[in-house]
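Student: dropping a prediction and its sequence here:
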Amino acid sequence: MMATPAEEIPIEVHDLTVAYQHRPVLWDIDLCFPQGQLIGIVGPNGAGKSTLIKAIMGLVPLASGHVEIFGQRSRQALRSVAYVPQRESVDWDFPTTALDVVLMGRYGQLPLFGRPRAKDKEIARQSLDKVGMGDYADRQISQLSGGQQQRVFLARALAQQTRVYLMDEPFAGVDAATEKAIVTILRELQAEGSTVIVVHHDLHSVPDYFDHVLLLNLRTVAFGPVATTFTEENLNATYGGRLHLLSDVTERLRQGEWSARKQAK
Amino acid sequence: MKSSTTFENLPPWLEFFTFPSVNVLHVLLGCIILGVSAGLLGSFAFLRKRSLLGDALSHAALPGVCMAFMLTGTKNPVVILCGAVFSCWAGALAIEWIVKYTRCKEDSALGMVLSVFFGLGILLLTHIQKSGQAAQSGLDKFLFGQAASLVERDLYILGGLGLVLCLIVILAFKEFKIVSFDPDFAQAVGLPVRLVEFSLATLIVLAVCIGLQAVGVVLMAAMLVTPAAAARFWTNNLSRMLWLATLFGGLSGAIGAYVSYLSVKMPTGPWMVVAVTSIFIGSFLFAPQRGALARARRHRLFRQKTAKENILRTTYKFAEQAGRWDTPVSLNELLQHREMSTAQLRRTIHRLTRAGFIEETHVGLLHLTEAGKEEAERVTRLHRLWELYLMTKLEIAPDHVHDDAEEIEHILTPDLERRLLLELEGELTDPHGQKIPGSLAVVAEEKRRK
């Protein structure tokens, strides 16, 4: 890859290790996500896909390593990354409307205690329109179908109006209409020059949906353009043959309660 | 207490509203302030599924109350309040610490902190009472509360504190909302989530402490959680829910004060809890959308609709076989085809007759009207379309699709019907070789619109 100035690399992950209860779930991840690409993250269950997204967003403690957003390490830099968490991560019986949830995407741009203005509401409505949910703005969120809820989450990320998007399993358990709507949005975002990183579980659609793919299983198995990276050999390395030695070692770490890698800082 | 001068002959239940002594007014206001602040802050604990936290924290206040008294020797409300707040905080920190550094889950941590802190409080309380200090009397009132002990000075403190709590919630409404709904996302957009969570916990602690004197540590949890749980039945809007919880809390406070005025033997705090629980039960039963009666009514209407549609469809089927849509059918024939009691059938037929779908020309013999024919065709169409859909798209054997269609025919909306028709276009006979009535017309209509 050509040397690019750090300010133009949307997300750079340095030597990242994450452990839950002393058991490493991500080990030595070192990546540069290229700008303006649709990037899929695939790997088996428990491979650490969601954890990687959460680690980038600063939502889980890092055992080692760090993340740079456009060359910056501050929490402020994270505001230029829009985030779509897994749909199941919230209680959809919360008393609020679809528009209100989307409006939360604007909260990062508002001052502390500041109320959303007419302009923010306008942006939220447009975001709902973009995902085809304009008619559901005032609907109580528990009355939406799973796919509609997912689209509300996507609209909330759009309302953040940034250039980098991290999406955790947006296609999980959605209907065909939602899947189509999401793919359209992904393409539009890419056309605008945004970088979109998506945790994905359906291998068949990877070549259709993404330009780059990250094959992940505890460590980076392969990362690069789909054409050259999404090969049978790499997939076998990701999904086939468990790393017995590595999992034995991580089990030992958990039982002995030693820390994987030294604590950061 | 009852030393009225101007309204000599009023009965007690009316006399209350003239505030016969300033003491009555103090108790009433104190209870309302308590209910309002507990209802408001408890809503957030309820929405964040931390209802038990309020219970643990209110119990954790007791050792602080006792220690504040032991250290200063006074029952000055400010001192007691500070002791309670400090002790609650220690409890909250202990819970967090246990969850973080041991393998215990949050429920175990809550249980431990609640009982250990409460036990410590009882221990200190017993010690104080045995010590024979003259000023100690009344300290045990913090267990179950004694609203009658509220004096003017307490009111200023509690009222001021309650006002501050309400103002903070109004100010930080947006932050509290997003942290309650999706804390991870709140952090991702750069909000100081830890700070917001800490403030929220502190406000809940303060709301608990406001209530200690009147309701006591044991019952305070009910005043936190129940107003919110009751309010949730009435609305799907967060602001409205907060207003309602505040109203329910305040109302329960007032009722508690009122009842204890009517009968000196009646304790205020427990009556507040009884009042708020009654409001909860009332909400559970009578709320328009989520209430039990509304749901039962919806179920009943759906069952009636199902029965009506079934009878129409069966009548239609007989008519179809006979070749004339107004062929009369007898009750016995219907009963043989439908699992229904005679009484149920009679009621259903009565409803259908009233709706103008069926006419009974001779006793025990009935036939479809013009409107009934149309409605029966619609139901039959849905039934057969669904059978066809199951068979052609889901590849289910023709003899297995009927029972499924029996249920689905009652819930298909016109929109779903249109989509079914479009997807099955071209096939207009059902799996059993029967015509699907009216479908050609719908498909043609759809095409014309395009």
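Tutor: That came through, no problem.

Student: is chain B contacted by stretch A:134-153?
Tutor: Yes: Stretch A:134-153 lies in contact with chain B when judged by C-beta under 8 Å from any C-beta of the partner chain; the contacting residues are A:140, A:142. C-betas here are computed from N, CA, C, even on glycine.

Student: can you give me the end-to-end span of that stretch?
Tutor: End-to-end distance of stretch A:134-153 (C-alpha to C-alpha, to the nearest Å): 13 Å.

Student: not counting sequence-adjacent ones, nearest residue to B:Thr226?
Tutor: On the basis of C-beta to C-beta, 6 or more residues apart in numbering or on different chains, the spatially nearest residue to B:Thr226 that is not a chain neighbour turns out to be B:Val276, at 4.5 Å.

Student: the one you found: how many residues sit nearby?
Tutor: Residues lying near B:Val276 (other C-beta atoms under 10 Å in any protein chain shown) number 27.

Student: on the three-state scheme, whichever residue of the stretch 101-250 of chain A sits closest to chain B is what?
Tutor: Nearest residue of the stretch 101-250 of chain A to chain B, counting by C-beta to the nearest C-beta: A:Gly108, 3.1 Å away. Look at A:Gly108: counting by DSSP: H, G, I helix; E, B strand; the rest coil, its state is helix.

Student: who's in contact with it?
Tutor: A:79, A:160, B:188-191 (C-beta atoms under 8 Å, 6 or more residues apart in numbering or on different chains).

Student: which one of these is nearest B:Val379?
Tutor: When the contacts of A:Gly108 are ranked by distance to B:Val379 (C-beta to C-beta), A:Gln160 comes first, at 48.0 Å.

Student: now do that closest one, the pLDDT please.
Tutor: pLDDT, the model's per-residue confidence, is 95 for A:Gln160.

Student: element containing the closest residue to it other than its chain neighbours?
Tutor: With sequence-adjacent residues excluded and distances taken as C-beta to C-beta, 6+ apart, A:Gln160 is closest to A:Ala82, at 4.0 Å. Mapping A:Ala82 onto the secondary structure by DSSP states H and E places it in strand A:81-84.

Student: list the buried residues for the longest helix anywhere in chain A?
Tutor: When chain A is parsed with DSSP state H, its longest helix is helix A:176-191. Buried residues in helix A:176-191, defined by neighbour count with 16 or more other C-beta atoms under 10 Å in any protein chain shown: A:178-179, A:181-183, A:185-186, A:189-190.

Student: same thing with stretch B:19-30?
Tutor: Neighbour-count burial for stretch B:19-30, with 16+ other C-beta under 10 Å as criterion, is recorded at B:20, B:23-24, B:26-30.

Student: check stretch B:139-152 too.
Tutor: B:139-150.

Student: what sits up against that stretch?
Tutor: Where contact means C-beta under 8 Å, 6+ apart, the residues beyond stretch B:139-152 that reach it are B:22-23, B:26-27, B:30-31, B:61-62, B:65-66, B:69, B:75, B:125, B:128-129, B:138, B:158, B:211-219, B:256-257, B:260, B:267-270.

Student: which among the residues you listed count as buried?
Tutor: A residue is treated as buried here by neighbour count (16+ other C-beta under 10 Å); on that basis the buried members of the contacts of stretch B:139-152 are B:23, B:26-27, B:30-31, B:61-62, B:65-66, B:69, B:75, B:125, B:128, B:158, B:211-219, B:256-257, B:260, B:267-270.

Student: what sits against the nearest residue to A:Ala159 once chain neighbours are set aside?
Tutor: With C-beta to C-beta, 6+ apart as the criterion, A:Ala159 has its nearest non-adjacent residue at 3.2 Å, and that residue is A:Gly105. Listed by C-beta under 8 Å, 6+ apart, the contact partners of A:Gly105 are A:82, A:124, A:127, A:155-160, B:189.

Student: repeat that for B:Glu320.
Tutor: Shown in contact with B:Glu320 (C-beta under 8 Å, 6+ apart): B:Gln434.

Student: next one: B:Pro77
Tutor: If you count contacts by C-beta under 8 Å, 6+ apart, B:Pro77 has them with B:153-154, B:157-158, B:213.

Student: okay, it: pLDDT?
Tutor: Listed pLDDT for B:Pro77 reads 83.

Student: in what helix or strand does B:Gly256 lie?
Tutor: Using DSSP H and E, B:Gly256 maps to helix B:238-262.

Student: same check on A:Leu166?
Tutor: Using DSSP H and E, the secondary-structure element containing A:Leu166 is strand A:164-168.

Student: and that strand, anywhere near chain B?
Tutor: No: Strand A:164-168 is not in contact with chain B by C-beta under 8 Å from any C-beta; minimum separation 8.5 Å.

Student: and that strand, how far out from the chain middle?
Tutor: On the basis of C-alpha atoms, centre = their mean, to the nearest Å, the separation between the geometric centre of strand A:164-168 and that of its chain is 4 Å.

Student: mind checking the pLDDT average for that strand?
Tutor: 95.

Student: swap in stretch A:47-62?
Tutor: Confidence over stretch A:47-62 (mean pLDDT, whole number) is 92.

Student: likewise for stretch B:225-234?
Tutor: Rounded mean pLDDT across stretch B:225-234 is 96.

Student: rewinding a little: A:Thr195: which of the contacts of A:Gly105 is nearest?
Tutor: Among the contacts of A:Gly105, A:Ala82 lies closest to A:Thr195 (C-beta to C-beta), at 10.4 Å.

Student: my read: B:Ala186 touches A:Tyr107, true?
Tutor: Yes: the pair formed by B:Ala186 and A:Tyr107 meets the contact definition of C-beta atoms under 8 Å, at 7.3 Å.

Student: joint contacts of those two?
Tutor: Counting by C-beta under 8 Å, 6+ apart, the shared contacts of B:Ala186 and A:Tyr107 are B:Ile178.

Student: hang on, the earlier thing: tell me the strands beside the strand holding A:Ala82, with direction?
Tutor: strand A:164-168 (parallel) (DSSP bridges).

Student: which element, helix or strand, includes B:Leu422?
Tutor: Take DSSP H and E as the rule and B:Leu422 turns out to sit in helix B:414-423.

Student: quick one: buried residues of that helix?
Tutor: By neighbour count on 16+ other C-beta under 10 Å, the buried set for helix B:414-423 is B:417, B:420-421.

Student: which SS state does B:Gly433 fall under?
Tutor: Put simply, B:Gly433 is coil when judged by three-state DSSP.

Student: got the phi and psi for it?
Tutor: Dihedral angles of B:Gly433 (phi, psi; degrees, to the nearest 10) stand at phi 80, psi 10.

Student: how close does it get to chain A?
Tutor: From B:Gly433 across to chain A, the span is 31 Å (C-beta to the nearest C-beta, to the nearest Å).

Student: also B:Leu41?
Tutor: Per C-beta to the nearest C-beta, B:Leu41 is found 16 Å from chain A.

Student: hang on, that residue packs against B:Ala172?
Tutor: No: counting by C-beta under 8 Å, B:Leu41 does not reach B:Ala172; the two are 11.9 Å apart.

Student: and the two? Which one has more around it.
Tutor: Set B:Leu41 next to B:Ala172 and count neighbours by other C-beta under 10 Å: B:Leu41 wins out with 32 against 17.

Student: ok, back up a step: distance to chain A, secondary structure and pLDDT added to the buried residues of stretch B:19-30, as CSV?
Tutor: CSV is the format used below for the buried residues of stretch B:19-30 (distance: C-beta to the nearest C-beta, whole Å; DSSP: H, G, I helix; E, B strand; the rest coil; pLDDT from 0 to 100):
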residue, distance to chain A, secondary structure, pLDDT
B:Pro20, 41, coil, 80
B:Asn23, 39, helix, 85
B:Val24, 37, helix, 87
B:His26, 34, helix, 90
B:Val27, 33, helix, 90
B:Leu28, 30, helix, 92
B:Leu29, 29, helix, 93
B:Gly30, 30, helix, 92
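
Student: what's the angle between the helix or strand where B:Gly159 lies and helix B:238-262?
Tutor: Assigned by DSSP H and E, B:Gly159 belongs to helix B:152-171. Direction vectors for helix B:152-171 and helix B:238-262, defined by axes from the mean of the first three to the mean of the last three C-alpha atoms, to 10 degrees, enclose an angle of 170 degrees.
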